[in-house]
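Chemist: A predicted structure for the sequence below; I have some questions about it.
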Amino acid sequence: MIPRQNQSWVSEFILLGFSSDPMTNSILFIVFLLIYLSSVLGNGLIIMLVCLDTQLHTPMYFFLCVLSLLDMGYVTTTMPQMLVHLLAYSQTISFAGCWLQMYVFGALGIIECTFFVVMAYDRYVAICYPLRYTVILTWDLCIRLAAGSWICGFFSSLLHTFFTMSLPYCGPNRVNHYFCEGPSVHSLACMDTHLTEMLDLMLDLVLNVFVIITPIFLIVASYICITKAILKIKSTQGRCKAFSTCASHLTVVTFFYIPATYVYMRPNSSSSPERDKQVSLFYNAVTALLNPVVYSLRNKDIKRAFLKAMGLGRVDL
């Protein structure tokens, strides 16, 4: 690592964003503002409906409520600042602000990864052990699973963020991204030893195995068991209903994991900053927008609760 003497240490970073053209930025501001507001309102609506409607006070909808809360926090960590930078002349962020954004974004991302496993387990119990569903998934267990995901996420992100921001940043401070994402900031570090690079590679490997590979494996294993249980159902209507309860979760998991896996598990030699920005925008903002749409359009209970809240509870779905 470069010694600290005779170095000009970075006190702020410049986020390059998507474009330097004012007209393009104005158009992007309108598009991203609509995406952000739709994401917050959609997820907020789901949280409100689950809290107000007693018929939705079940483990499945409790987990959906937590997921919506995660999505709101996830998109709020990056989008408001990006919207300001699209219209502002200055696109700087302080070192401490970058540290905090990277930490919170990483923590919520890890929580969402682990929470998808919790939701897969919920579907596994509901389909494979329907008669024991409420006995197995007690409220105490649901709260423990949710709290465990949050604790795990914030602790894991602290380790990675602390290591990244403790690297020497002695000159370049232009981050080719719209927010402080780990790989983009890390590429600016002034490193001259193989030891630092090796430690970083080992840390990334451990986190990737823990955050991406292990959850995907557990989710796939859960759905293999679910598929076997569904195939044992004799009636076609029963099978369709069982598959329908899992379709929303599988859709959301796919939209989240494919771009996240691309960004964090590909070789550094094949990285493209412009493509990374587009992909990260998808799993950050677009996924948060799609989640309430996917769950509300495919879920009669959510639609019923919405109509009830609007005073149209007797309208047939």
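Modeler: The structure has been received and is ready for your questions.
Chemist: Please make it C-alpha for all contacts and neighbour counts, starting now.
Modeler: Will do.
Chemist: Which helix runs longest in this structure?
Modeler: helix 95-128 (DSSP state H).
Chemist: Buried residues of that helix, list them for me.
Modeler: 95, 98-128 (16 or more other C-alpha atoms under 10 Å).
Chemist: Show me the shaky parts of the chain.
Modeler: 1-8, 191-204, 265-273, 297-298, 312-317 (pLDDT under 70).
Chemist: What are the boundaries of the strands in it?
Modeler: 12-15, 92-94, 174-175 (DSSP state E).
Chemist: Please dump those into JSON lines; it should also carry distance to residue 220 and mean neighbour count for every row.
Modeler: Shown next, in JSON lines, are the strands of the chain (distance: least, C-alpha to C-alpha, whole Å; neighbours: other C-alpha atoms under 10 Å):
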{"stretch": "strand 12-15", "distance to residue 220": "37", "mean neighbour count": "19"}
{"stretch": "strand 92-94", "distance to residue 220": "40", "mean neighbour count": "17"}
{"stretch": "strand 174-175", "distance to residue 220": "36", "mean neighbour count": "19"}
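Chemist: got the ones you listed as CSV, with distance to residue 235 columns?
Modeler: As requested, the strands of the chain are exported to CSV (distance: least, C-alpha to C-alpha, whole Å):
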stretch, distance to residue 235
strand 12-15, 56
strand 92-94, 58
strand 174-175, 56
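Chemist: nearest to residue 261, of the ones you listed?
Modeler: The closest of the strands of the chain to residue 261 is strand 174-175. By C-alpha to C-alpha, the value is 21.1 Å.
Chemist: returning to that earlier point: and the longest helix of the chain, what does it pack against?
Modeler: On a contact count with 3 or more C-alpha pairs under 8 Å, 6 or more residues apart in numbering; DSSP states H and E, helix 95-128 meets strand 12-15, helix 59-76, helix 133-136, helix 139-165, helix 214-231, helix 236-265.
Chemist: highest average neighbour count across those?
Modeler: helix 59-76 (a mean of 21; mean count of other C-alpha atoms under 10 Å).
Chemist: Could you measure from the most centrally placed residue in the chain over to residue 73?
Modeler: By C-alpha atoms, centre = their mean, the chain has its centre lying nearest to residue 109, at 4.2 Å. Separation of residue 109 from residue 73 (C-alpha to C-alpha, to the nearest Å) stands at 10 Å.
Chemist: Also residue 275?
Modeler: Taken as C-alpha to C-alpha, the span from residue 275 to residue 73 is 24 Å.
Chemist: just residue 274 next, same as before
Modeler: For residue 274 relative to residue 73 (C-alpha to C-alpha), the value is 24 Å.
Chemist: Next: residue 250.
Modeler: From residue 250 to residue 73 the distance is 22 Å (C-alpha to C-alpha).
Chemist: Check residue 224 too.
Modeler: 31 Å.
Chemist: Same question for residue 287.
Modeler: 13 Å.
Chemist: Likewise for residue 226?
Modeler: Applying C-alpha to C-alpha to residue 226 and residue 73 gives a distance of 31 Å.
Chemist: Could you report the neighbour count for residue 177?
Modeler: 22 (other C-alpha atoms under 10 Å).
Chemist: so who does it touch?
Modeler: 15-18, 184, 273-274, 277 (C-alpha atoms under 8 Å, 6 or more residues apart in numbering).
Chemist: what do you get for residue 53?
Modeler: Applying C-alpha under 8 Å, 6+ apart, the residues contacting residue 53 are residue 305.
Chemist: Ok, residue 174 next?
Modeler: So residue 174 contacts 13-16 (C-alpha under 8 Å, 6+ apart).
Chemist: One more pass at 6 Å, please.
Modeler: 13-14 (C-alpha atoms under 6 Å, 6 or more residues apart in numbering).
Chemist: do the one 5 residues further on as well
Modeler: Residues near residue 179 by C-alpha under 6 Å, 6+ apart: none.
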